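>>> I'll drop the sequence and a predicted model, then ask my questions.
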Amino acid sequence: MKKVLEVILLLLLLVVTHAKGTRYSPPGKPALTRCRSPEKETFTCWWEPGSDGGLPTTYALYYRKESSDTVFECPDYRTAGENSCFFNKNDTSIWVNYNITVVATNALGRTFSDPVDIDVVYIVKPNPPEQVAVTVMEDKGWPFIRVSWEPPHKADTRSGWITLIYEIRVKLEEENDWEMHLAGQQKMFNIFSLRSGGKYLVQVRCKPDHGYWSEWSPSSYVKVPDYFHREKSVWILITVFCAFIFLILTWLLHMNSRSLKHFLLPPVPGPKIKGFDKQLLKNGKSEEVFSALVATDFPPKSSNYEDLLVEYLEVYIPEEQELMLEKSMDLDVGCLKCEGSASDSDSGRGSCDSHTLLMHKCDGVKEEEERQAKEAHGPGYWECGLSNKQPHLLHPQAQAQRQLQARSDDNISSIGRKQTPAGLHSPARRSTEYVEVERVNEEDMVLLQPVSGRCGDVEGYPEMPYGEDYSKVKGVDMDNMLLLQREVREETENCDTSSTVTTTQKPAACIHSAMPVEGEMVLGVNGYVDTATVCTPPTY
Amino acid sequence: MAHRETNGSKLFITVLCMVAACSAVPINDLLDRASQRSDMLHSLSTTLTKDLSNHVPPVGWTMMPRPPLCHTSSLQTPNDKEQALQLSESDLMSLARSLLQAWQDPLVDLSNSANSLLHPSQSSISNKIRELQEHSKSLGDGLDILSGKMGPAAQAISSLPYRGSNDIGEDNISKLTNFHFLLSCFRRDSHKIDSFLKVLRCRAAKVQPEMC
């Protein structure tokens, strides 16, 4: 009975265990994950355990050194934590190959991991740099960050056993991108180009010359002060912009300065009054200067105002003389032209229409012309071709005739106006002229008649008419009587068939009005008087 | 007599000039340059072994009952920091030079066998081995100059014979395995040289702590 009970209990146990569903197995294969040495003096290996097979499993690390068959077990399982093995200085040999294996053991069996060969010098990974200090410094008003640190205290860099190089990374607090800087072997680094008022994070890490990078040091925070006000920058921009515009305006003003000056300050027009004649001033004769200012013909006395407006005096020139005249054509016409002053039309010169000025100018210029050679003068000269022609320029025959013509015309015009222009004095001076008394009108004025009209053609040789028909007037006595001169003439060339008085006797009937004043003078009785004229009633 | 005196004085002047010229570059600077070159040498060997093991894992090695020793293992080198720091400058320099000298011939063999190596990145490997040879040569020259300044003890070189190309096998697998093995030995030895020179550099630059 008891044996049956024991068998039933064992069977129950087996059933129960099977019912629970657990399976026991030998442990799974562990794996060495990594081995690291922080300073090339010690090292640590970590492994990853496999499945434990449901049973408590123990792990053991065994190693074998190169060129030795002795197997050692890990001296320290605790220092480095769970599933680790720490080799201290005594157990660490460098430049020696370690063959390491991890063994997992449980109740059901043992499992070996894959062996790993390591050399300590190749697995160096230092600790992060320590005492990272970040300060803000200034360089000529611009701030920068100075980062300084110390190598990890375990790494022996002083003896040269480990050579470390460092790397820094910086970023703004609110951003994600890091800025990396390789610092080499130095333990200090400057960072420039910072944002004003920004908050930065700084981290440092190190690496041995042939090894792995360390972890990053914990972040160090630093705040950069405000060194550039945004408001100021706006004001600076505005100032620069205004200065630029001001410069452009100044330049534009400078370019257009002349036209602007004309617009604001227009030029003063010249005087419209004739003023002093510069030529006379230069000559130095004050009388002439002042007399030039006097306008003797103003106001004009003539009833014929139309004559004042005459610009041209028409000259009849026979065809033979035209060729001669062509030489000095410009001289003829020039006299009548106005002096063309190109500079200002507002000048106060007298108008060209003034007859007085014409004559006056002709007088003044005549002397000049005499001095000059026979050349055509420029338009600036007043030239008188009609009344005062230079005798040496023309053929003497034509000249005299022309003069005669001109003067006769002048005489007509002058008589018509009843003026005594200065120009007429000259022809009177030049040669004696005879006028025929036509009649005496009611106003006690003697109307004269030109000689040429009476004589007819004067194309022949011009001769002074000494004809017997005419009596020389000796003078006028105080009773307004013409005193005629008695003459005895042999030759008689009569143009007219008017009564020719050849004898000294004359009918006194016609002359009975004439009263003798003086004894020596015979009034018209013995002298010759034209009967046609004498027989007119006396003036008084 | 006068002739000899002039000769002697000339010699003296030339020696003085040479000494002055040689000491123109300070030892600190020379050591710094040497350690930089050894650093480059080691980095190159590290990348080379990684390139090699990327495509072909060294399976043959684990098959061996015991991995063979490097031909330079007979040289007594420090095993930890205390031992290394106790060495004198002359000893450190001597060790470095010995190690470097020991690898001149093996590098030639490696270079030769790299041409016939069946590996995906065979061309880059052979290029790098050639670079290794060049760097090794220039470093050797620099160390010769340095040791000349440091005294006769520094100039002593331990000879480490290399057995030759007998170790490199016939078939490709064994070729690769041996190749890998040699390169790993060279990697270690270049690390030793680098470490020794850096310790020497730090010792010489007492005035400039930032060198260390």
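Nice, I can see it. Residues are numbered from 1 along each chain as shown, chains lettered A, B, ... in the order given.

>>> use CA for all of it now, contacts and neighbours both
Will do.

>>> number of nearby residues for residue 151?
I'll assume chain A. Neighbours of A:Pro151 under the rule other C-alpha atoms under 10 Å in any protein chain shown: 21.

>>> that's the other chain; I wanted chain B
B:Gly151, neighbours per other C-alpha under 10 Å, totals 11.

>>> quote the end-to-end distance of stretch B:79-90.
Start to finish, the residues bounding stretch B:79-90 are 18 Å apart (C-alpha to C-alpha, to the nearest Å).

>>> can you tell if that stretch touches chain A?
Yes - residues of stretch B:79-90 contacting chain A under C-alpha under 8 Å from any C-alpha of the partner chain: B:Asn79, B:Asp80, B:Lys81, B:Leu85.

>>> give the contact list for the last one.
When the contact criterion is C-alpha atoms under 8 Å, 6 or more residues apart in numbering or on different chains, the partners of B:Leu85 are A:Ser159, B:Val199.

>>> that one in helix, strand or coil?
Three-state call for B:Leu85 (DSSP: H, G, I helix; E, B strand; the rest coil): helix.

>>> what distance do you get for it to A:Ile317?
For B:Leu85, the distance to A:Ile317 - C-alpha to C-alpha - is 142 Å.

>>> do the same with B:Ser147
Computed as C-alpha to C-alpha, the B:Ser147 to A:Ile317 distance reads 134 Å.

>>> please state the offset of stretch B:35-44 from the chain centre?
Distance of stretch B:35-44 from the chain centroid (C-alpha atoms, centre = their mean, to the nearest Å) equals 9 Å.

>>> list of residues touching that stretch?
By C-alpha under 8 Å, 6+ apart, stretch B:35-44 touches A:209-210, B:128, B:132, B:135-136, B:139, B:187, B:190-191, B:193-194, B:197-198, B:201.

>>> which two of those residues have the greatest separation?
Across those, the longest distance by C-alpha to C-alpha is 27.1 Å; it joins B:Lys128 and B:Arg201.

>>> of these two, which one has the most company?
Each of B:Lys128 and B:Arg201 has its neighbours counted (other C-alpha under 10 Å); B:Arg201 has more, 25 against 17.

>>> please, which helix or strand holds the more buried one?
Using DSSP states H and E, B:Arg201 sits within helix B:172-204.

>>> now for the one residue in chain B that gets nearest to chain A, how many residues are close by?
For chain B and chain A, the shortest gap (C-alpha to the nearest C-alpha) falls at B:Val199, measuring 4.6 Å. Applying other C-alpha under 10 Å, we find 24 other residues in the vicinity of B:Val199.

>>> how close does it get to B:Leu100?
Distance from B:Val199 to B:Leu100, by C-alpha to C-alpha: 17 Å.

>>> again with A:Ile162
21 Å.

>>> and A:Glu167, backbone torsions?
Backbone torsions of A:Glu167, given as degrees, to the nearest 10, read phi -140, psi 140.

>>> ok, it - contacts?
A:Glu167 neighbours (C-alpha under 8 Å, 6+ apart): A:Met180, A:His181, A:Leu182, A:Ala183, A:Gly184, A:Val204, A:Arg205, A:Cys206.

>>> quick check: beta-bridge partners of the closest residue to the third one other than its chain neighbours?
What it means is A:Leu182. Closest residue to A:Leu182 apart from its sequence neighbours, by C-alpha to C-alpha, 6 or more residues apart in numbering or on different chains: A:Glu167 at 4.5 Å. According to DSSP bridges, the partner residues bridging A:Glu167 are A:Leu182, A:Arg205.

>>> show the pLDDT at A:Glu167.
For A:Glu167, the model assigns a pLDDT of 96.

>>> what of the one 5 residues further on?
According to the prediction, A:Leu172 has pLDDT 94.

>>> excluding chain neighbours, what is closest to it?
Of all residues not flanking A:Leu172 in the chain, A:Tyr200 sits nearest, at 4.4 Å (C-alpha to C-alpha, 6+ apart).

>>> got the contact list for A:Thr57?
A:Thr57 touches A:Pro27, A:Ala104, A:Thr105, A:Asn106, A:Ala107, counting by C-alpha under 8 Å, 6+ apart.

>>> most neighbours out of those, which is it?
A:Pro27 (27 neighbours).

>>> the residue nearest the centre of chain B and B:Ser190: what is the separation?
Taking C-alpha atoms, centre = their mean as the criterion, B:Leu100 is the residue nearest the geometric centre of chain B, at 3.1 Å. Here B:Leu100 is placed at a distance of 8 Å from B:Ser190 (C-alpha to C-alpha).

>>> what of A:Leu293?
For A:Leu293, the distance to B:Ser190 - C-alpha to C-alpha - is 125 Å.

>>> cool, and A:Trp161?
15 Å.

>>> burial measure for B:Met150, as a count.
15.

>>> which bits of chain A sit near chain B?
A:40-41, A:67, A:92-96, A:157-161, A:163, A:185-186, A:209-210.

>>> separate out the buried members of those residues.
A:40-41, A:92-96, A:157-161, A:163, A:185-186, A:209-210 (16 or more other C-alpha atoms under 10 Å in any protein chain shown).

>>> now, which of these lie within helices?
Using DSSP state H, no member of these falls in helices.

>>> tell me the pLDDT of A:Pro379.
Value for A:Pro379, per-residue pLDDT: 42.

>>> tell me which helix or strand in chain A has the weakest average pLDDT.
In chain A, no helix or strand scores lower on mean pLDDT, DSSP states H and E than helix A:425-430, which sits at a mean of 45.

>>> I meant to write chain B there.
Per mean pLDDT, DSSP H and E, helix B:59-63 ranks last in chain B, at a mean of 54.

>>> B:Leu44 should be in a helix, yeah?
Yes - counting by three-state DSSP, B:Leu44 is found in a helix.

>>> give me the pLDDT for it.
On the pLDDT scale, B:Leu44 gets 95.

>>> thanks a lot, catch you later.
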